[in-house]
Structures are given as structure tokens and as C-alpha cells.
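**Student:** Got a predicted model here, sequence first, then my questions.
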Amino acid sequence: NQFKTSLLSIKYLFRFMKKFKNPDVAILILRIIVGVVFIAHGVLKLMDIPNTQAFFQAIQLAPWLAVAVGVVEILAGISMVLGYFTFASAIAIIIIMLVAIFKVKLNPNQFMNGIFNAEIDISLIISSLVILMTGSGRYSLGNKCGCVGSCGCDKTNCNLTDACKGKTCDLNGCGCDCHK
């Protein structure tokens, strides 16, 4: 009897959760988390430039890159939070994370330890890849310019203005697939 009650509770929980299924809100949450992490890391780099430059030298990177990476992290983070130019920001974040993994986290002598040390970096790469592939979503500044994802374009009816919600059609669809 208790088992049956538990299964019934799980059934109602899933029914409740289905009502809140919203990919645009999910992308918004993901963008905000990735953005805040990168803003924080960029600010920390720029708050202590001498030590950041020394660290960059220790991992055999040019010291001037410390400031450049800090600025890029802040700008990419702000871009993610606002949902504007997220495609370029996601690429920048992926590059920064790959360099961090290969220059800092992975020790050739202890590969598995390096992978476990890089789990947050890998999560940020995957999160950025998701944003890169889906666009910034409905709740973004990029959406205000009509350039998010596929904009709901019906590419089979591109001769109709209605198919593109007033946007101009071209051979690729509605000309709104720029992932800003």
C-alpha cells in the first residue's frame, strides 16, 4: 500500500513538472549561471593583475594575456547574462576553458586526476556549447532584434511573409538565424 502511494506521488510529481517545461527559461538560467561565473572570474583576474600575470607566466603564457583574458571573461559573461552576441561569447568561453584544462588542470603524469580537477571547466564548456547550439532564447536582448534561434520560421513556406513573422525570407529561411 505504501509502495502504491509512492508511485502515485511520483506520477503526480511528473505531471506537475511537465507544466513547467520551458526551454527558453532553461536557456535563460543556463546563460545567467555561465555569465555570472565568468564575470566573477574576470573581475578576480583584474583585481590582482600582478599575481595573475605571474600565474600566466608560470604556465608559459604571455603576461599581457592575463589582462586580455580577464576583460574577455567579463565581456563574455555580461553578454551571456544579457543574451546578446551569445554565439561569440560561447566560442570565447569554450576557448578559455580548453586552454585552462590543457595548461592548468591536466597533468600528463596523472590524467584521471586532471579530468576530475577539470569537471567544472568541462561543465562550463558543455553549457556554452548548449547555448551556442540553441541560441540565447526568448528572454534575451538578442531576441529584441529578432535574431534568436530559428525564430519559428517555416522554411517550407518562405514565399509567404506570414511564414517568417514579418521577417524577410531568403534561401536559408527567414534570415533570422544569427544566434545573437
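**Tutor:** Alright, I've got the coordinates. Numbers count the residues shown, from 1 in each chain.
**Student:** tally of neighbours for residue 73?
**Tutor:** Using other CB atoms under 10 Å, residue 73 has 24 other residues around it. All C-beta atoms are positioned from the backbone trio N, CA, C, and that covers glycine.
**Student:** nearest spatial neighbour of it, skipping sequence neighbours?
**Tutor:** residue 42 (3.1 Å; CB to CB, 6 or more residues apart in numbering).
**Student:** Look at residue 62 and tell me its secondary structure.
**Tutor:** Under the three-state scheme (DSSP: H, G, I helix; E, B strand; the rest coil), residue 62 adopts coil.
**Student:** Tell me, how many residues neighbour it?
**Tutor:** By other CB under 10 Å, 10 other residues sit near residue 62.
**Student:** do residue 63 as well
**Tutor:** Neighbour count of residue 63, defined by other CB under 10 Å: 14.
**Student:** Okay, it and residue 44: tell me how far apart.
**Tutor:** Residue 63 sits 17 Å away from residue 44, going by CB to CB, to the nearest Å.
**Student:** Show me what secondary structure element comes after the helix or strand of the chain with the lowest mean pLDDT.
**Tutor:** Taking mean pLDDT, DSSP states H and E as the measure, the chain has helix 111-117 as its least confident helix or strand, at a mean of 64. In the C-terminal direction, the helix or strand that comes right after helix 111-117 (DSSP states H and E) is helix 119-134.
**Student:** And the nearest residue in space to residue 103 that is not next to it in sequence, how close does it get to residue 66?
**Tutor:** Leaving aside its chain neighbours, residue 103 sits nearest to residue 59 (4.8 Å; criterion: CB to CB, 6+ apart). Going from residue 59 to residue 66 by CB to CB gives 11 Å.
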